[in-house]
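Novice: what shape does this take:
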Amino acid sequence: AKLRGRARGAGSEFLLACDMRFASRENTVLGQPEVGIGTPPGAGAIQHLTRLLGRDRALEAVLTSADFDAELAERYGWINRAVPDDELDEFVAGIAARIGGFPRDALIAAKAAINAISLPTPADVRADAALFQQLVRGEATQQRTAELFKRGFQTRGRTELNLGDALGDLKAID
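Specialist: Residues are numbered from 1 along each chain as shown. Got it, this is the predicted structure:
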């Protein structure tokens, strides 16, 4: 995946499902805002982030619902590399060309072995999704989401651009 912008929640989870992630150093923001809204992530973020970042950093990413710039995401392992924006396209194309030139059977065998060690089971991801579905319907989540929409959630503006900060500013709702 090549990212030049913001990827939070499901967007981040889509990236996490990709084999590799490269991002614009200047223009990338990643986050998992779900806990700040009232649910755990439900589309694989818990599974992937724990494996990629380790337990402590996955807890930080998921429990704080904070925004992570490309440099911190790279240091933590959320992305493979943060590349200067003007070099990103050429860099990713070069990696794809290099891999594409190697013997197919070797690529398939190596990827299968790595996947067997590192990927979550479909059942683990489904369990996270079920918990998300249960909690997203809850009253606290509905109240927090409504408040975020009042503040400009999912429209271009301060709340959306700085969602991690906006979530931290919401009052606690039990």
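Novice: and the residue in the chain sticking out farthest from the centre, what does it touch?
Specialist: Taking C-alpha atoms, centre = their mean, the residue of the chain most remote from its mean C-alpha position is Pro103, at 31.1 Å. Under the criterion of C-beta atoms under 8 Å, 6 or more residues apart in numbering, Pro103 has no neighbours. No exception for glycine: its C-beta is placed from N, CA and C like everyone else's.
Novice: repeat the analysis, applying 10 Å as the threshold.
Specialist: Counting by C-beta atoms under 10 Å, 6 or more residues apart in numbering, Pro103 touches Ala109.
Novice: now stretch 22-37: how far from the chain's centre is it?
Specialist: Chain-centre distance of stretch 22-37: 6 Å, with C-alpha atoms, centre = their mean, to the nearest Å.
Novice: end-to-end on that stretch?
Specialist: 27 Å (C-alpha to C-alpha, to the nearest Å).
Novice: and stretch 140-160, by the same measure?
Specialist: 20 Å.
Novice: got the buried residues for that stretch?
Specialist: 141, 143-145, 147-148, 151, 153, 159-160 (16 or more other C-beta atoms under 10 Å).
Novice: quick one: Thr155 from Ala66, how far?
Specialist: Thr155 is 21 Å from Ala66, where distance means C-beta to C-beta, to the nearest Å.
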